[in-house]
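S.K.: I'd like to go over a predicted model; first the sequence, then the structure.
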Amino acid sequence: MAHLRSIPFFAAAPGYCARGTRAWFDRHGLDLRAFTREGLDEEVLLATGDGMAAALVRWAHECADREPVS
């Protein structure tokens, strides 16, 4: 969820909107509540073939690459 809320997007504020996110999960038959609690494997998101899902996966990788290694 942190990546979904922080992804740079087309609006003034970062993140995908809540209403659009709910609709997207419904359209693709995915469980938003499960995603919120546990996340989803990137393969599940990429399997939708949706560009917004691919952008979210890329963003998650970019964020992970920036995190310092402990």
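M.R.: Yep, that arrived.

S.K.: Run through who's touching the longest helix belonging to the chain.
M.R.: As assigned by DSSP state H, the longest helix anywhere in the chain is helix 51-66. For helix 51-66, the surrounding residues in contact (Cβ atoms under 8 Å, 6 or more residues apart in numbering) are A2, H3, L4, S6, I7, P8, Y16, W24, E42, L45, L46. C-beta coordinates here come from the backbone N, C-alpha and C atoms, glycine included.

S.K.: Sitting in helices, which of those do you find?
M.R.: A2, H3, L4, S6, W24, E42, L45, L46.

S.K.: what's near enough to touch the last one?
M.R.: If I follow you right, that is L46. Counting by Cβ under 8 Å, 6+ apart, L46 makes contact with A53, A54, V57.

S.K.: Now, of the contacts of helix 51-66, which are buried?
M.R.: The neighbour-count test (16 or more other Cβ atoms under 10 Å) applied to the contacts of helix 51-66 identifies H3, L4, I7, Y16, W24, L45 as buried.

S.K.: And these, which two are furthest apart?
M.R.: Across the buried ones among the contacts of helix 51-66, the longest distance by Cβ to Cβ is 14.3 Å; it joins H3 and W24.

S.K.: these two touch, right, Y16 and L4?
M.R.: Yes - with contact defined as Cβ atoms under 8 Å, Y16 reaches L4; the gap is 5.6 Å.

S.K.: Would you format the contacts of helix 51-66 as CSV with pLDDT included?
M.R.: Formatted as CSV, the contacts of helix 51-66 follow (pLDDT from 0 to 100):
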residue, pLDDT
A2, 89
H3, 90
L4, 90
S6, 92
I7, 92
P8, 90
Y16, 90
W24, 95
E42, 95
L45, 95
L46, 97
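
S.K.: wait, which of those is closest to A34?
M.R.: Distance to A34 across these (Cβ to Cβ) is lowest for L45, with 12.7 Å.

S.K.: Ignoring the adjacent residues along the chain, who's closest to M1?
M.R.: T36 (5.7 Å; Cβ to Cβ, 6 or more residues apart in numbering).

S.K.: mean confidence for the helix or strand containing that neighbour?
M.R.: Taking DSSP states H and E as the definition, one finds T36 inside helix 32-38. Averaging pLDDT along helix 32-38 gives 93.
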